[in-house]
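Novice: give me a 3D structure for the following:
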Amino acid sequence: MEGNRSETSAAEASEEIIYTSVKFSQTPPPRAKAGRERRAPCLCPAVVPGLAIGFGILSIILAIVLIWKISDSQPRCPEQWVAYRGSCYSFSKEKKDWNASQEYCRAQGAHLLVVSDTSEMDLFKSIQTECFWIGLRNSTDSGWIWEDGSIFNGTKIPYNSPVQHCAVLIKGHFQASSCEYSAPWICEKSLR
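Specialist: Now for the predicted structure:
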């Protein structure tokens with residue numbers, strides 16, 4: 001029996017060794033393996049700052065383009081013209097008669113100055129210079145009329161001769177003048 005015992009012990013021992021080796025060589029359960037495969041790949045740390053810088057530069061470029069488009073679409077006055085309350089004004093340095101001044105303004109897409117309210121008049125009262133032609137003319141039938149067709153409703157325009165049918169603006173006041181007199185002029189047009 002002793003032989004049987006030693007055979008049994010040897011068989012048991014070999015069985016134990018097989019069992020142990022099988023136990024350590026087992027593969028992980030399928031669920032754990034699938035979980036590892038579902039994970040998103042990790043980005044290399046050097047790629048993340050590069051992407052952030054790229055998106056930052058792209059954002060800045062888009063903002064600049066947007067600002068440029070918005071400012072480009074804003075109405076502006078031509079060079080050498082002054083903007084005030086939705087209009088552009090040009091003050092000539094040349095001197096011409098009233099009709100030639102009117103033609104010059106029309107060639108610029110403008111008209112001689114039409115003072116439409118007291119705020120606009122206050123602006124021109126502050127100009128302490130020589131006289132300027134404006135778009136106001138005396139029609140024997142209708143009285144003083146602005147170039148836009150509106151009737152002058154201000155104070156009486158002083159004159160000292162029956163041939164004075166055009167108006168100048170001199171130091172904040174209107175004055176009648178002969179239309180043939182040579183003076184500088186003020187052109188006005190809408191801000192665009």
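Novice: residues in contact with the helix or strand harbouring residue 137?
Specialist: Under the criterion of DSSP states H and E, residue 137 resides in strand 132-139. Among residues not part of strand 132-139, those counted as contacts by Cβ atoms under 8 Å, 6 or more residues apart in numbering are 91-92, 96, 98, 101-102, 105, 111-115, 144-148, 152, 157, 164-170, 174, 176, 179, 183-186, 188. All C-beta spots, glycine's among them, are computed from the backbone N, C-alpha and C.
Novice: tell me the secondary structure for residue 124?
Specialist: Classification of residue 124 into helix, strand or coil gives helix, according to DSSP: H, G, I helix; E, B strand; the rest coil.
Novice: residue contacts, it?
Specialist: Contacts here follow Cβ under 8 Å, 6+ apart; on that basis residue 124 touches 113, 115, 169, 172, 186.
Novice: and residue 120, which of the three is it?
Specialist: helix.
Novice: for it, which non-adjacent residue is closest in space?
Specialist: On the basis of Cβ to Cβ, 6 or more residues apart in numbering, the spatially nearest residue to residue 120 that is not a chain neighbour turns out to be residue 85, at 6.9 Å.
Novice: count of neighbours near residue 95?
Specialist: Neighbours of residue 95 under the rule other Cβ atoms under 10 Å: 14.
Novice: and the pLDDT for it?
Specialist: Taken from the predicted model, the pLDDT recorded for residue 95 is 96.
Novice: isn't it up against residue 183?
Specialist: Yes. Distance between residue 95 and residue 183: 5.6 Å, which falls inside the contact criterion (Cβ atoms under 8 Å).
Novice: how is this protein divided into domains?
Specialist: As assigned by automatic domain parsing, the chain contains the domains 2-73, 82-190.
Novice: worst mean pLDDT among those?
Specialist: Ranked by mean pLDDT, these bottom out at domain 2-73, with a mean of 58.
Novice: if any of the contacts of strand 132-139 are buried, give me the PyMOL selection for them.
Specialist: PyMOL command restricting these to the buried ones, with burial defined by 16 or more other Cβ atoms under 10 Å:
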select buried, resi 92+96+98+101+102+105+111+112+113+114+115+144+145+146+147+152+157+164+165+166+167+168+169+170+174+176+179+183+184+185+186+188
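Novice: and the helices in this structure?
Specialist: In order along the chain, the chain carries the following helices (DSSP state H): 2-24, 30-38, 47-73, 98-107, 118-125.
Novice: ok, now which ones touch residue 186?
Specialist: Shown in contact with residue 186 (Cβ under 8 Å, 6+ apart): 89, 90, 91, 92, 112, 113, 124, 132, 133, 134, 169.
Novice: leaving out sequence neighbours, find the closest residue to it.
Specialist: Using Cβ to Cβ, 6+ apart and skipping the chain neighbours, the partner closest in space to residue 186 is residue 113 (4.1 Å).
Novice: I figured residue 148 hits residue 112, correct?
Specialist: No. With contact defined as Cβ under 8 Å, residue 148 and residue 112 do not form a contacting pair (10.1 Å).
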